[in-house]
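Here is a sequence together with a model predicted from it:
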Amino acid sequence: MNKSVTLFTIILMLFFTPDITHGQGNTLIVTSKEDSGSGTFRQALLDAQNGDTIIFDTFVFLPNTPDTIFLTNPLPALIQGSLIIDASNAGVVIDGSMITLTEFHGLQISSNNNIIRGLHLTNFIGSCIALGGDVQNNIIGGDRKIGTGPSGLGNILTGNGTFGIGMWGENTSNNTIQGNVIGTDVNGTNVTGNFSGGIFLDGVKNNLIAANIVGGYRDHGVHIGGGTEGHNIVRGNFIGTNASVTNKITASDWSCGISIDHSGFNIIGPDNVIANHGKEGIVIRGESSLGNHITKNSIYKNKGLGIALWQNGNRQLPAPILLDFKKQTGNISGIACANCIVEIFSDNEDEGEFYEGQTIADNEGNFSFNKGAPFKSAHITATASDTESNTSAFALFTPDIPERNIILQEGNNNSKITLKTKTSDELEDNRIGTGWELEWIYNIGAKRTRLSLNDIEEERIDWSKSEFEIPEDLDHWASELAAIGVIPHFTLSFWDKANHPDGWKEDAGYSRFQNEEEIQRYLEFVEFIVSHFKDRINYFELWNEPDNGGFPLQHIRVSDYINLVEKVVPVIRQEHPDAKIMVGSTSNLMYSKYWVDGIISSDRIMPLIDVICWHPFYGQSPSDEDTKEYYYNYSSTIQALKDTASAHGFTGEYFADEVGWLQDGQPFTSEPTVSSLIQAAKYYARGIIMHLGLNVTVAGLQIPPHAQPDYSTIRNLCTIMSGNKPDTLEVDIRCEATNIKYFSFSLANNTKLFAV
């Protein structure tokens, strides 16, 4: 270690070095940009003792023009304890790109009471900074405004490693991660990271994550997992955006802001800004994720839910229901859990950009709030936090009207109460299904979904994936669905990849399965799939959208399809005698009725199969002139379909799959659209009840994760319609409205339900 620097240099450094009262040890000065040898950072780490301070010569590492130390081997771990590394007045970049190992961290902290300030660490395979081995009372970063270096006391962490900062260990606790810039330049303007996660906490507790700018991540900005007694605090951070909240700084369109996975009693807030994620702003997952309190944050512009609770995280605490409001005066009232703290937010979309204030619900859950001034944004929402500190998702936001006063029934002054919904494993078969992720299906209470080995439409096919290998995640998903009582149907679409490694080159108009060799290859595929999944799956769908002539590898002529069904059925029965075999699954019944009519009129296959399926709605509605006739005549169309199938020997089930009323800016916008989320929710409610009333299972409900009215409506119906069966109930309806539909049901508890 070279200690022969001038007295003037030492005085200058000490003058610009913040007051450090951490210990009484020696001050070691780094004077060389080399990786090893006298005066280097590596040598300082090797020489340092407990209580020492390492600083950097500001004539070598100029604050305004940082210089780089290129490492050829990992740095020694900090095992001394009570060590200060302070580059807050210098320009120091430590680069791991020349290290050839496959696993290493930048700074590995394996002791207590250390302080790391002002460094820029980049290009490490693992974490730029890693804390592990039950370490405590370490400080990583500080105030970015203190010091003459690029980031002051804060550290800059960039590159393509696993995490910006990683923390592990059951007793790793009381550490502070503050004022760091992760995955971006120092201003949070440009993305300079491609981390899996910005800050990763696994099994740790009682740590503070504060005032960091977190970007440059693919999966999550901050992750907290593996500790039921977490008690970590995340406050004042900019996650997915910069301090001026102008930039999107994530590295992926599939990231979420904060994820809490099987960790409890963490506090998220106040003053975090969480924005611009392709998935959720905050997601809390797992039955052991309890008591996680989310308070006074700004959450907005996330494509998924602003706050999502999966797998009974935070006890699936119901969000408040907003009833009466007057936006101009800042008044709102509603229903929440009894004695809950209700936080009010406003947003131009469906999350909570601006915190407006809070109130407390009474013993019956009723609450009211008066801001005394106009709300900041057009939509109002709220969260509830119960007495155990569980916080709910955001409430369904208010519509685009200045005020509302709900009267459910004239003369009825009783308190309004909410419907307690149930998850899939708590419900009997409601004959309602949807897709998306497993947690989504489970939380909404759906009992049906679809699985497939292959992508079922041509534009999404991965030709490199084998059709005779079962991916681990697909196998796991099938088992998980069985465990929560969800009934999947497996789509047996087959692209014959072994014989078409570069894809199908046939022109439009080509039809599949016109020769015996192709049929035999399909039968091998069917036997392979059914044999593998027969212990968990009963429903098998023979192809998806065979009427789709726009995709040659997908299209099958009616006559060839009938021939194929005759040959496939014995193969499935041989492997799985109790299987339910589904046919049809046409692209859009409005345009494909001719194709459906062709198969349901076949005496050859109607007695052989168990389920007839079709895709009924892609936005058709009374508000669209081109489709309203189809919408109004749909019930009679389905009754005619059922009559025809029965006449040709069919005695099984009917199944409507892929049902959607989507909004502008969402998928399928080439189809008829509706103008608001509320309208879509109404169409979903009508569509579900109409199908169930016609004794048709309704699945494939295409609701995006952020469409809260749709989600709430379908979740409520999944609970209400548990164990439903069509029934007959004589009623007299007196109403001036036209096009009235009504259906009656018997429910699982033998009560009657009548829907108009």
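Structure received. The structure displayed is predicted, hence computed values, not measured ones.

List the buried residues in stretch 40-52.
If you call a residue buried by 16 or more other Cβ atoms under 10 Å, then stretch 40-52 has these buried ones: T40, F41, R42, Q43, A44, L45, A48, G51, D52. C-beta coordinates here come from the backbone N, C-alpha and C atoms, glycine included.

okay, among those residues, which ones form the most distant pair?
Across these, the longest distance by Cβ to Cβ is 21.0 Å; it joins T40 and G51.

Show me what the helix or strand where Q679 lies is packed against.
Using DSSP states H and E, Q679 maps to helix 677-693. With contacts taken as 3 or more Cβ pairs under 8 Å, 6 or more residues apart in numbering; DSSP states H and E, helix 677-693 sits against strand 659-660, strand 697-701, helix 708-720, strand 743-746.

out of those, deepest packed?
strand 697-701 (a mean of 26; mean count of other Cβ atoms under 10 Å).

Could you check how far the lengthiest strand in the chain is from the centre of its chain?
Counting residues, the longest strand found in the chain (DSSP state E) is strand 217-227. Relative to its chain's centre, strand 217-227 lies at 13 Å (Cα atoms, centre = their mean, to the nearest Å).

for stretch 374-392, same thing?
Counting by Cα atoms, centre = their mean, stretch 374-392 comes out at 20 Å from the chain centroid.

Check stretch 632-649 too.
The answer for stretch 632-649 is 39 Å, by Cα atoms, centre = their mean.

before we move on, the earlier item: with E566 as the reference, name the closest of the helices and strands packed on helix 677-693.
Using Cβ to Cβ, these put strand 697-701 closest to E566, at 24.7 Å.

Just the residues contacting that closest one, thanks.
431-435, 446, 448-450, 489, 615, 653-660, 684, 687-688, 691-692, 714 (Cβ atoms under 8 Å, 6 or more residues apart in numbering).

May I have the residues that are in contact with the residue nearest to G687 when sequence neighbours are not counted?
Computed as Cβ to Cβ, 6 or more residues apart in numbering, the closest residue to G687 that is not its neighbour in sequence is V659, at 5.6 Å. Going by Cβ under 8 Å, 6+ apart, V659 touches H615, P616, F617, Y684, G687, H691, V698, A699, G700, L701, Q702.

for G132, same thing?
Q108, I109, S110, G166, M167, W168, G169, T172.

Kindly recompute the last result at 10 Å.
Counting by Cβ atoms under 10 Å, 6 or more residues apart in numbering, G132 makes contact with 77, 105, 108-110, 166-169, 172, 202-204.

can you check A685 too?
P709, D710, T713, I714, N716, L717, A755.

Give the single residue among those residues positioned nearest to E467.
I714 (33.1 Å).

separation between the closest one and H379?
I714 sits 21 Å away from H379, going by Cβ to Cβ, to the nearest Å.

Show me the strands in the stretch 401-550 of the chain, by range?
In the stretch 401-550 of the chain, the strands defined using DSSP state E, counting those that start in this stretch lie at 403-404, 432-434, 448-452, 487-491, 539-541.

partners of the first one in the sheet?
Under the criterion DSSP bridges, strand 403-404 sits next to strand 321-326 (antiparallel) in its sheet.

where does L45 land in three-state SS?
Following DSSP: H, G, I helix; E, B strand; the rest coil, L45 is assigned to helix.

Using CSV, list the CA coordinates for the helix or strand L309 falls within.
Secondary structure from DSSP H and E places L309 in strand 307-310. Listed in CSV are the C-alpha atoms of strand 307-310, where the atom choice follows Å, rounded to 0.1, in the frame of the first residue of the first chain:
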residue,chain,number,x,y,z
ILE,A,307,-51.8,-3.8,-6.4
ALA,A,308,-52.4,-7.5,-6.8
LEU,A,309,-52.9,-10.1,-4.1
TRP,A,310,-52.3,-13.7,-5.2
